[in-house]
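Student: Pasted the sequence and its predicted model underneath.
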Amino acid sequence: MLEGITSEAFILGCSAIGAGLAMIAGIGPGIGQGHAAGRGAEAVGRQPEAQDDIVRTMLLGQAVAETTGIYGLVIAIILLFVRPLLTAYLNL
Amino acid sequence: MLEGITSEAFILGCSAIGAGLAMIAGIGPGIGQGHAAGRGAEAVGRQPEAQDDIVRTMLLGQAVAETTGIYGLVIAIILLFVRPLLTAYLNL
Amino acid sequence: MLEGITSEAFILGCSAIGAGLAMIAGIGPGIGQGHAAGRGAEAVGRQPEAQDDIVRTMLLGQAVAETTGIYGLVIAIILLFVRPLLTAYLNL
């Protein structure tokens, strides 16, 4: 414990910050999917007989809108559990 | 206490910042679900007889919009309680 | 106190930043629920006889929109009062 911050610790600490930053991408899907939910609920109220088609379309569109949030999650998981940057440093 | 900041403390401190950053993802679901709530309330006012279908569609869509907020929460909990980066450092 | 910033102080200081960052999530529910309130008021003005149904739907949707703000609050409280990172450091 006499060494101060090592290079490995610096890389790992910055990885924690990077993982948190990556999750901010989730803002977008949250806004977009909520918008789709509102329009879907509105459409169901107007044509209740088309409910199945409306909900299926809403969910399909929301699934596409989810993708960037998943990308952020994948990068965060890589930073926390795969740690390619530390591996790269150790292999120098 | 004579050594200044240790490597372990640096990783843990950065994990606190990362956990806070990950929660920012919650902005999105908040905006989106609120939008869905407004459209749902409006639709119920226009077609009160379709209230059940409208509310069900609204809640389903809002549940999808919640996901990225949950991802952020999961990453924050991992950073605070699982601490994979500290484990990785201690195993070096 | 001759050593400058200690490891424990660094973790606690970063926890303060993390707690503040987590609260930024509150932007979302604030915008979204306000939007729902506006649409709800509008709908009540248009169909006053459906007021109960409109308000009930609005409040249900707003409750869902509140969740990510609550998540941020919980993480902030954990950082401030439970302090799992400091505990982890002291248990090293």
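Tutor: That came through, no problem.

Student: Going by C-alpha atoms from here, please, whenever you check contacts or count neighbours.
Tutor: OK.

Student: Return the residues in contact with the most centrally placed residue in chain A.
Tutor: In chain A, the centroid-proximal residue (C-alpha atoms, centre = their mean) is residue A:69; its distance is 2.7 Å. Applying C-alpha atoms under 8 Å, 6 or more residues apart in numbering or on different chains, we find residue A:69 in contact with A:23, A:25, A:26, A:27, A:28, A:29, B:68.

Student: Now the element after the helix or strand where residue A:76 lies, going C-ward?
Tutor: Secondary structure assignment for residue A:76, by DSSP states H and E: helix A:51-77. Sequence-wise, the next helix or strand downstream of helix A:51-77 (DSSP H and E) is helix A:84-90.

Student: quick one on the thing from earlier: can you narrow the contacts of residue A:69 to ones near chain C?
Tutor: Here nothing survives when the contacts of residue A:69 are matched to chain C using C-alpha under 8 Å from any C-alpha of the partner chain.

Student: and which of those is nearest to chain C?
Tutor: Using C-alpha to the nearest C-alpha, residue A:27 is the member of the contacts of residue A:69 that lies nearest chain C, at 8.7 Å.

Student: Find the nearest non-adjacent residue to that closest one, please.
Tutor: Closest residue to residue A:27 in three dimensions, ignoring its sequence neighbours and counting by C-alpha to C-alpha, 6 or more residues apart in numbering or on different chains: residue B:28, at 3.7 Å.

Student: check which helix or strand covers residue A:33.
Tutor: In this assignment (DSSP H and E), residue A:33 forms part of helix A:27-46.

Student: ok so, going back, can I assume the residue nearest to residue A:27 is in contact with residue A:35?
Tutor: No. Using C-alpha atoms under 8 Å, residue B:28 is not in contact with residue A:35, being 10.5 Å away.

Student: quick one: which of those two has more around it?
Tutor: residue B:28 (34 against 24; other C-alpha atoms under 10 Å in any protein chain shown).

Student: Who are the contact partners of that one?
Tutor: Residue B:28 makes contact with A:26, A:27, A:28, A:29, A:30, A:31, B:69, C:28, according to C-alpha under 8 Å, 6+ apart.
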